[in-house]
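Enquirer: build me a model:
(2 chains)
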Amino acid sequence: MIKHLLSAGDLSADQAGLVLDTAAELASLAGREVKKLPTLRGRTVVNLFYEDSTRTRTSFEVAAKRLSADVINFSAKGSSVSKGESLKDTAWTLQAMGADAVVVRHGASGAPYQLAKWLDGSVVNAGDGTHEHPTQALLDAYTMRSRLGRLAGLNVAIVGDVLHSRVARSNVLLLHTLGAKVTLVAPPTLLPIGVEAWPARTSYDLDSVLPDSDVVMMLRVQRERLSDGWKDSFFPSEREYARRYGLDAARVRRMPEHAIVMHPGPMIRGMEITAEVADSARSAIVEQVANGVSVRMAVLYLLLSGTNVGERA
Amino acid sequence: MAYPQTEREVSKIILSAPDISRTVDRIAHQILEKTEGARDAILLGIPTRGVPLARRLAARIHAFEEIIVPTGVLDVTLYRDDLSLRGARALGHTDIPAGGLDGKRVILVDDVLFSGRTVRAALDALQDLGRPRIVQLAVLVDRGHRELPIRADYVGKNIPTSLAENVRVRLAEVDGDDQVKILGGTA
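Expert: Have a look, this model is predicted:
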């Protein structure tokens, strides 16, 4: 198994399959009276979050605690980081504390790669800028597999703000590895430069893609990344965006009977998805959150149980 | 079906297929004797080869006394103490019979008893699953070299070995045929 999880593209089909199978076994233990496992006892996992995130940080924290690891939450606000400490100095601090794994979310694309060079422990990318979010892609793949029974040959539409989405990039890389076919659907202004080189098709027209989709994954429009002066150049109005790229009940009826709806959260109801669709039986959005814990447990187990403490001294 | 052998490596068959089936029969009888007819008993196999052994024992007990003993699977990977030395292993599936373990007589089943560390992990795993009234251990082969104060209640065959040797159990359900042999060591 690899030492760090920085990009969904780092995983081979076999390695990704091992993560999903391990997550499935761990999920079957979630119903037990004693949910805690002793597997990572004595290991320290640091959550290093430079961007606000409740869901991902909590998910990693629950995952690490279920495996009996000690968890330290290190958020940028109110820490040495807000006093101006550099990433490298923070890395050295964590190193000195004996962190076996660092789960990092950072606003700058590539920050986890830098961190991996400075740290002896494992680094897990929990979202870096507009670049990648590999554990989200793994939990999405897990959710698709458990709902639809397979990944190979599935048609997956990823719809919305692809330009700012690390979820989209990680999903494209992982789903391609696992044999699914991805179509990115977005207005031309919200597709990144160089998207032709991604292993995915692109389309500007959601309605024509829906009838062939087994999975429709909606992305949040990342208003915080659309700076005020630029906002109007991405799309004319929220209403027009919702009309052309929002998922409502009428669009869901164009999808095949078995097709599911996903969203990485947080959702903006009424913008990219209507409440009716988000809360319907076709929606796998609540499962995605639950599956996130199992998948992150699998990642921590596979990355950490291989590292020998003695070797690192 | 001989394995290719290097000149210095020897392999010796310890139990043939008929030996294994006689041994399983004997353990099944011993379980019936020592447990008042397998009352409240559950056979939990430890993967990989403890699982088919547990099923065989249950089948033999049924054949002898028409008693149905529930069987299950107890994967101990997450409870091992050597994960940091040997690296991550793929997880097996744990399957506990309906009705749970509370108040039951749990008989752990494994193919080879060696250091005792697998059984230690199994005891820890059991603790998280329920509170059996009593826990026993049945093994096909005891090869010695214990590293923990653990012993088996039912032993198919004691095989004195050196640490350089390897005991290889083959069972039809997993390997296609039944055989126990010792590999390695010097002639």
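Enquirer: now residue A:254: closest residue in space that isn't a chain neighbour?
Expert: Distances taken as CB to CB, 6 or more residues apart in numbering or on different chains place residue A:210 nearest to residue A:254, at 4.3 Å, with adjacent residues excluded. Backbone N, C-alpha and C define where each C-beta goes, glycine included.
Enquirer: pull the number of nearby residues for the one you found.
Expert: By other CB atoms under 10 Å in any protein chain shown, 20 other residues sit near residue A:210.
Enquirer: cool, and residue A:200?
Expert: 22.
Enquirer: per-residue pLDDT of it, please?
Expert: Looking at residue A:200, its pLDDT is 97.
Enquirer: same question, the one 3 residues further on
Expert: On pLDDT, residue A:203 comes in at 97.
Enquirer: quick one: buried residues of stretch A:184-191?
Expert: A:184, A:185, A:186, A:187, A:190, A:191 (16 or more other CB atoms under 10 Å in any protein chain shown).
Enquirer: okay, these in TSV with distance to residue B:23 next?
Expert: As requested, the buried residues of stretch A:184-191 are exported to TSV (distance: CB to CB, whole Å):
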residue	distance to residue B:23
A:184	61
A:185	64
A:186	66
A:187	72
A:190	69
A:191	67
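Enquirer: what is the nearest of the residues you listed to residue B:20?
Expert: Nearest to residue B:20 among the buried residues of stretch A:184-191, counting by CB to CB, is residue A:184 at 58.1 Å.
Enquirer: which residues in chain B form strands?
Expert: Using DSSP state E, the strands of chain B run over residues B:11-15, B:41-45, B:71-73, B:105-113, B:134-142, B:154-158, B:165-170, B:179-184.
Enquirer: nearest to chain A, of those strands?
Expert: Chain A lies closest to strand B:71-73 among these, at 11.5 Å (CB to the nearest CB).
Enquirer: other residues contacting the closest one?
Expert: B:42-45, B:47, B:51, B:54-55, B:58, B:92-97 (CB atoms under 8 Å, 6 or more residues apart in numbering or on different chains).
Enquirer: how about residue A:136: what's its closest non-neighbour residue?
Expert: Closest to residue A:136 by CB to CB, 6+ apart is residue A:167, at 5.1 Å.
Enquirer: what's the first helix or strand after the stretch of helix or strand the one you found belongs to?
Expert: Assigned by DSSP states H and E, residue A:167 belongs to helix A:166-177. Counting by DSSP H and E, the next helix or strand C-terminal to helix A:166-177 is strand A:181-185.
Enquirer: low-scoring stretches of chain A, by residue?
Expert: Residues of chain A that meet the criterion pLDDT under 70 lie in A:78-80, A:82, A:227-232, A:306-313.
Enquirer: list the contacts of the residue nearest the centre of it.
Expert: Closest residue to the average C-alpha location of chain A: residue A:136 at 1.9 Å, with CA atoms, centre = their mean. Contact analysis of residue A:136 by CB under 8 Å, 6+ apart lists A:56, A:127, A:166, A:167, A:170, A:171, A:264, A:292.
Enquirer: measure the residue nearest to residue A:136 to residue A:56 for me?
Expert: Distance, residue A:167 to residue A:56, using CB to CB, to the nearest Å: 11 Å.
Enquirer: neighbour-wise, which of these two wins?
Expert: With neighbours defined as other CB under 10 Å, residue A:167 and residue A:56 compare such that residue A:167 has more, 26 against 22.
Enquirer: if you drop the residues flanking it in sequence, what lies closest to residue B:50?
Expert: Residue B:50 sits nearest to residue B:110 (CB to CB, 6+ apart), 4.1 Å away.
Enquirer: isn't the one you found right up against residue B:116?
Expert: No: contact criterion CB atoms under 8 Å: residue B:110 and residue B:116 do not qualify, at 10.5 Å.
Enquirer: so the residue nearest to residue A:254 belongs to a strand, correct?
Expert: No: membership of residue A:210 in a strand is not supported by DSSP: H, G, I helix; E, B strand; the rest coil, which gives helix.
Enquirer: and it, how far from residue A:36?
Expert: Taking CB to CB, one finds residue A:210 at 43 Å from residue A:36.
Enquirer: and if you look at residue A:204?
Expert: Between residue A:204 and residue A:36 the computed distance is 49 Å (CB to CB).
Enquirer: do the same with residue B:179
Expert: 40 Å.
Enquirer: before we move on, what about residue A:90?
Expert: According to CB to CB, residue A:90 and residue A:36 sit 29 Å apart.
Enquirer: and the two? which has more neighbours close in?
Expert: The neighbour count for residue A:90 versus residue A:36, taken as other CB under 10 Å, is higher for residue A:90 (22 against 13).
Enquirer: just the element for that one, please.
Expert: Using DSSP H and E, residue A:90 falls within helix A:87-96.
Enquirer: for that helix, packing partners?
Expert: strand A:44-49, helix A:111-118 (3 or more CB pairs under 8 Å, 6 or more residues apart in numbering or on different chains; DSSP states H and E).
Enquirer: among these, which is nearest chain B?
Expert: Among the helices and strands packed on helix A:87-96, strand A:44-49 sits nearest to chain B (CB to the nearest CB), with 13.4 Å.
Enquirer: excluding chain neighbours, what is closest to residue A:125?
Expert: The shortest distance from residue A:125 to any residue other than its chain neighbours is 4.1 Å, reached at residue A:112 (CB to CB, 6+ apart).
Enquirer: what is the burial count for residue A:120?
Expert: 13.
Enquirer: could you confirm it falls within a helix?
Expert: No: in this structure, residue A:120 is coil, not part of a helix, as judged by three-state DSSP.
Enquirer: assess the claim that it and residue A:96 are in contact.
Expert: No: in this structure, residue A:120 is not within contact of residue A:96 by CB under 8 Å, at 10.9 Å.
Enquirer: mind listing what's buried in stretch A:291-311?
Expert: Applying 16+ other CB under 10 Å to stretch A:291-311 flags A:291-307 as buried.
Enquirer: can you give me the neighbour number for the residue nearest to residue A:125?
Expert: Around residue A:112 there are 27 residues (other CB under 10 Å).
Enquirer: which parts of chain A sit against chain B?
Expert: Proximity of chain A to chain B, by CB under 8 Å from any CB of the partner chain, involves residues A:1, A:18, A:21-22, A:25-26, A:28-29, A:32-34, A:36-39, A:67, A:301-302, A:305-309.
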